[in-house]
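Participant: take this sequence and fold it.
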Amino acid sequence: MDAGNSNVRSSIVSAALAACVMLIATSAEAATYYVSQSSGNDNATGQADKPWKTLKRASQVKCAPGDKILLKCGDTWDEELHPKGEGTPEKPITISSYGKGAKPVIDRKDDKKDLVGIRLDDQGGFKIVGIEFNRCMTGIYGEYSAKCPTRKFIWIEDCYFHDSLKYGNYRTYPKPRNIGLGVCFFSYERKNRIVLTDITIKNCVFRRLASGVWTNSPDNFNKNASNIYNFGNMTLDNCLFEEGYQWQMGLRGVAGGAVRNCVTHDIGRKFRSFNGVAGAMFFRCKNWTFDDSEWGFVSIGLGSGDGEAFDFEGNCDNMTMRNCLFHDTDGPGFLLCCYASDGHPNKGIVMENCVLNGKAKRPIGLPRCEIINTTDWTEVTWTKCRFYLSKGETLMRVMDPEKDKKSKFVDCLVKKLSDACSTPELAAKTTASASGKWRQLDFGKPVVVNEFKIKEDASSSIERYVIEWWDAKASRWVGCFNGMAIGTEFVAPIVARTMTKARLRVIRTKKGNPRITEFKAYNDTTGALPITPGGYLIRKK
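Facilitator: A predicted model of the protein is given here:
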């Protein structure tokens, strides 16, 4: 073979290989599908200039990893999006928005009917960003069969779930589905096997829902599924749950997870539950961390039971809470229960630098208390925590005392709420807006703050506000207390923070402009009541 023929053949082979590479690259290129209810046509191509009209049409295409389904901003659909296909953690199928304006809305118009916004069946590898869900019985619903292999990666970010308050007995869930939810991932709990892992819910708002986020039906009287975990590695980050009915985090059977910078506020009002209300209820979960989160203003409403800020309902192991605040509850600040889990107590609970100011206006048993612990078998260590007792309260009530005591209190401060803010206030320059909607304290230097005292004029009608501190490292305001009515005087203990500025920002009044007459900050560590290592108040003779 001469050199000329060899060169020709090499050129042909190289060209063929290049063509193959280009073909592979082209075939692997992700597709983007556009949907506009206002200007689309289902007979169009689904491209940016020729969008489809309906979610039904978008549900017919089989998506590949990396594909996108984009809904037009400002448009509204009364339909279910049931995407086909499977993404990967590296190349998820994205459901998001395009254009300018308000979030695209899936509004099912009747939250009493079992209507879903986005549905997944045995699917993983999805990223859902920037969608509003209104009046859906379930905003995002994922169901995973007993034979489903482990699916990975569901990411939900910047979504708004609201106005779904249907509440029915859910012991036979999901047949029927009869409770208003923002997000629900459901499995049938037949085997101890993970069907879905790597779930993130970030920067989302859940408002006026029966419950916010569920895994399985958190029916805490099903005692046949102890130590069964079907979901793994779940994170809730910077989410707001408010004006809801029952457990806004109702999580069951999740191995590994985190709650960070979340606020749960104003739960249970005007509502009657058949088995209790709590800001959050975790049952049969393990290996979770909770950081810098708040649960407050939990009501028993029209006669529901419980009314605590947080509930480890049973069979919860290795759960660590740091820098969390629990306050203003009709029941205790915290419930540690094991009645619902074949008697399995909670093990390895660690509470660090947390604050409880539950108030226990409606007790479970007597005496009223900050902590209900159903049995001394529960393993929990409270370290450097602060507890504020209202009149008639005690620190902890053990409903079934045992000889083996497994609760420990280390370097904790227990004091009467009436003794708060008793040291001199921290010196600060005070400024306020002309409308009265915010009032600011400038300390001029870094100071530690752990209590605030606030007052409003008798003519003022504040019904929602937040106290924020200036995070100098992040250069932003960060909430440290979410409040409702203020009245003549209100004391707001917080997790201690080092700050140079603080402000009270009014979100809503019943009428007119707010009139704040006092906003003061303190670092008060006085007034400690003596307790035993097991958490019992030492009564002075």
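Participant: secondary structure class for residue 57?
Facilitator: Assigned by DSSP: H, G, I helix; E, B strand; the rest coil, the conformation of residue 57 is helix.
Participant: do I have it right that it meets residue 35?
Facilitator: Yes. When contacts are counted by Cβ atoms under 8 Å, residue 57 is listed as touching residue 35 (7.4 Å). Every C-beta, even on glycine, is put in place using the N, C-alpha and C of the backbone.
Participant: and for residue 269, the neighbour number?
Facilitator: Residues within reach of residue 269, counting by other Cβ atoms under 10 Å, total 16.
Participant: quick revisit: among residue 57 and residue 35, which residue is more densely surrounded?
Facilitator: The neighbour comparison of residue 57 against residue 35 (other Cβ under 10 Å) goes to residue 35, with 26 against 19.
Participant: backbone phi and psi for the more buried one, please?
Facilitator: Dihedral pair for residue 35: phi -130, psi 130, per degrees, to the nearest 10.
Participant: just list the residues touching it, thanks.
Facilitator: 46, 51-55, 57-58, 69-72 (Cβ atoms under 8 Å, 6 or more residues apart in numbering).
Participant: which residues are common contacts for residue 57 and residue 35?
Facilitator: With Cβ under 8 Å, 6+ apart as the test, residue 57 and residue 35 both reach residue 46.
Participant: if we can go back for a sec, show me the contacts of residue 35 that map onto strands.
Facilitator: 69-72 (DSSP state E).
Participant: residue 428: which of these is nearest?
Facilitator: residue 71 (47.3 Å; Cβ to Cβ).
Participant: count of residues packed around the closest one?
Facilitator: Residue 71 has 29 nearby residues by other Cβ under 10 Å.
Participant: for the closest residue to it other than its chain neighbours, give me its contacts.
Facilitator: Closest residue to residue 71 apart from its sequence neighbours, by Cβ to Cβ, 6 or more residues apart in numbering: residue 104 at 3.7 Å. Taking Cβ under 8 Å, 6+ apart, we find residue 104 in contact with 71-77, 97, 130-132.
Participant: same thing but at 10 Å, please
Facilitator: Residue 104 is in contact with 35-37, 70-77, 95-98, 130-132, counting by Cβ atoms under 10 Å, 6 or more residues apart in numbering.
Participant: check residue 256 too.
Facilitator: Residue 256 neighbours (Cβ under 10 Å, 6+ apart): 194, 197-198, 229, 231-235, 285-289, 318.
Participant: can you pull out the strands in the stretch 51-200 of the chain?
Facilitator: Along the stretch 51-200 of the chain, counting by DSSP state E, counting those that start in this stretch, strands occupy 62-63, 68-72, 76-77, 84-85, 93-98, 105-107, 116-121, 126-129, 132-134, 138-144, 151-157, 160-164, 181-187, 196-202.
Participant: out of those, which comes closest to residue 212?
Facilitator: Among the strands of the stretch 51-200 of the chain, the nearest to residue 212 by Cβ to Cβ is strand 181-187 (4.8 Å).
Participant: export that closest one as CSV, just CAs?
Facilitator: Output of strand 181-187 as CSV, limited to C-alpha atoms (Å, rounded to 0.1, in the frame of the first residue of the first chain):
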residue,chain,number,x,y,z
LEU,A,181,-50.4,18.9,51.6
GLY,A,182,-47.6,20.9,50.0
VAL,A,183,-45.2,18.0,49.3
CYS,A,184,-45.7,14.3,49.9
PHE,A,185,-43.5,11.3,49.2
PHE,A,186,-45.3,8.0,49.9
SER,A,187,-44.3,4.4,50.1
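Participant: in the contacts of residue 256, which residue is surrounded by the most others?
Facilitator: residue 231 (27 neighbours).
Participant: that residue touches residue 213, doesn't it?
Facilitator: No. Contact between residue 231 and residue 213 fails when scored by Cβ atoms under 10 Å: they sit 11.3 Å apart.
Participant: overlap in contacts, those two.
Facilitator: Joint contacts of residue 231 and residue 213 (Cβ under 10 Å, 6+ apart) are 185, 199, 251.
Participant: for these, pick the one with the most neighbours.
Facilitator: Among these, residue 251 has more neighbours than the rest - 26 neighbours, counting by other Cβ under 10 Å.
Participant: residues contacting that one?
Facilitator: Applying Cβ under 10 Å, 6+ apart to residue 251 gives the contacts 185, 213-216, 218, 231, 234, 236, 257, 259, 280-285, 288, 313, 316.
Participant: can you give me the neighbour number for residue 519?
Facilitator: Residue 519 sits with 22 neighbouring residues when counted by other Cβ under 10 Å.
Participant: correct me if wrong: it contacts residue 439.
Facilitator: Yes. If you go by Cβ under 10 Å, residue 519 and residue 439 touch, sitting 4.7 Å apart.
Participant: and for the two, which residues touch both?
Facilitator: 430, 432, 454, 467, 502-504.
Participant: is the residue nearest to residue 180 when sequence neighbours are not counted in a bridge, and if so with what?
Facilitator: Using Cβ to Cβ, 6+ apart and skipping the chain neighbours, the partner closest in space to residue 180 is residue 164 (3.1 Å). Beta-bridge partners recorded for residue 164 (DSSP bridges): residue 209.
Participant: how does the protein divide up, domain by domain?
Facilitator: Split into domains by automatic domain parsing, the chain comes to 30-186+203-215, 218-420, 429-522.
Participant: rounded mean pLDDT for the first one, please.
Facilitator: Mean pLDDT, domain 30-186+203-215: 97.
Participant: in contact with the residue lying closest to residue 47 once chain neighbours are set aside, which residues?
Facilitator: Of all residues not flanking residue 47 in the chain, residue 34 sits nearest, at 6.4 Å (Cβ to Cβ, 6+ apart). By Cβ under 10 Å, 6+ apart, residue 34 lies in contact with 40, 44-52, 58, 68-72, 98-99.
Participant: cool, and residue 134?
Facilitator: Listed by Cβ under 10 Å, 6+ apart, the contact partners of residue 134 are 76, 78, 105-109, 111, 117, 160-164.
Participant: repeat for residue 333
Facilitator: Contacts of residue 333 by Cβ under 10 Å, 6+ apart are 279, 295-296, 298, 308-310, 325-327, 354-360, 369-372, 387-388, 393.
Participant: swap in 8 Å and give it another go.
Facilitator: 308-310, 326-327, 356-358, 360, 370-371, 387.
Participant: how about it: what's its closest non-neighbour residue?
Facilitator: Residue 333 sits nearest to residue 358 (Cβ to Cβ, 6+ apart), 2.9 Å away.
Participant: what's the local residue count around residue 509?
Facilitator: 18.
Participant: tell me, what's the model's pLDDT at it?
Facilitator: 97.
Participant: that one: what's it in contact with?
Facilitator: So residue 509 contacts 460-463 (Cβ under 8 Å, 6+ apart).
Participant: go with 7 Å
Facilitator: Listed by Cβ atoms under 7 Å, 6 or more residues apart in numbering, the contact set of residue 509 reads 461-463.
Participant: looking at those residues, state which has the most neighbours.
Facilitator: Result: residue 462 is most packed of the contacts of residue 509 (other Cβ under 10 Å), 26 neighbours.
Participant: just the pLDDT for residue 225.
Facilitator: pLDDT at residue 225 comes out at 69.
Participant: was I right about residue 503 contacting residue 437?
Facilitator: No. Residue 503 lies out of contact with residue 437 (Cβ atoms under 7 Å); the separation is 10.4 Å.
Participant: beta partners of residue 154?
Facilitator: Under DSSP bridges, the beta-bridge partners of residue 154 are residue 126, residue 199.
Participant: looking at the contacts of residue 509, which are in strands?
Facilitator: 462-463.
Participant: can you map out the helices along the protein?
Facilitator: Taking DSSP state H as the test, the helices found in the chain are 3-28, 55-58.
Participant: weakest of these by average pLDDT?
Facilitator: helix 3-28 (a mean of 44).
Participant: flag every buried residue along stretch 447-457.
Facilitator: For stretch 447-457, a neighbour-count test (16 or more other Cβ atoms under 10 Å) marks 447, 449-456 as buried.
Participant: what of stretch 418-429?
Facilitator: Neighbour-count burial for stretch 418-429 [16+ other Cβ under 10 Å]: 420-421, 425-426, 428.
Participant: before we move on, back to that, please produce TSV containing the buried residues of stretch 447-457, extended by pLDDT.
Facilitator: Converted to TSV, the buried residues of stretch 447-457 look like this (pLDDT from 0 to 100):
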residue	pLDDT
447	98
449	98
450	98
451	98
452	98
453	98
454	98
455	97
456	96
